[in-house]
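Participant: build me a model:
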Amino acid sequence: MFTKKYPLTSNGVNEKMYDLYQKDDSQVEFEADYVEVNFFDWIINTFSLTEDQIIYLYSLGLEFALRNGQVLAYCFRNRLEVTLTKGDLAQRSSKFIRREENVSATSEPGQDDVVAGGVNYFIS
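Facilitator: You can find the predicted model right below:
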């Protein structure tokens, strides 16, 4: 699963998602299960992070990990778009991560749900 580390950039996240969605459903499900219960480990093993970035990640807390693990797992299982936008460091007054979700699900009796949209992570 972790044969390559991607840069934590917009292009790195795009490449990771492209590579993930080229896999078959069982491999995508395996990664969805993993991120859902091991969000911090998944991030650390998927992206090239500095020690300071890892410390910052853990400082966000367990609730952050649980919620974002669920969000990413849902996106993976439905092959939704996951993107990253980084803010301008020169204009940053504080460091934060904002999750922007735009997901729609249409349900009909006897039919699979039709899910569309995605999530963007904005890092200041």
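Participant: for the residue nearest the centre of the chain, list the residues it contacts.
Facilitator: Taking Cα atoms, centre = their mean as the criterion, Leu72 is the residue nearest the geometric centre of the chain, at 4.7 Å. Leu72 makes contact with 32, 35-36, 39, 42, 82, 119 under the criterion Cβ atoms under 8 Å, 6 or more residues apart in numbering. Bear in mind the C-beta positions are built from the backbone N, C-alpha and C, glycine included.
Participant: out of those residues, list just those in helices.
Facilitator: 32, 35-36, 39, 42 (DSSP state H).
Participant: let's have those in JSON lines, adding pLDDT and distance to Glu108.
Facilitator: Putting the ones in helices among the contacts of Leu72 into JSON lines (pLDDT from 0 to 100; distance: Cβ to Cβ, whole Å) gives the following:
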{"residue": "Ala32", "pLDDT": "98", "distance to Glu108": "24"}
{"residue": "Val35", "pLDDT": "98", "distance to Glu108": "29"}
{"residue": "Glu36", "pLDDT": "98", "distance to Glu108": "26"}
{"residue": "Phe39", "pLDDT": "98", "distance to Glu108": "32"}
{"residue": "Trp42", "pLDDT": "98", "distance to Glu108": "33"}
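Participant: what segments of this protein are strands?
Facilitator: 6-7, 47-48, 81-86, 97-106, 114-123 (DSSP state E).
Participant: so where's this structure shaky on pLDDT?
Facilitator: Along the chain, segments meeting pLDDT under 70 span 1.
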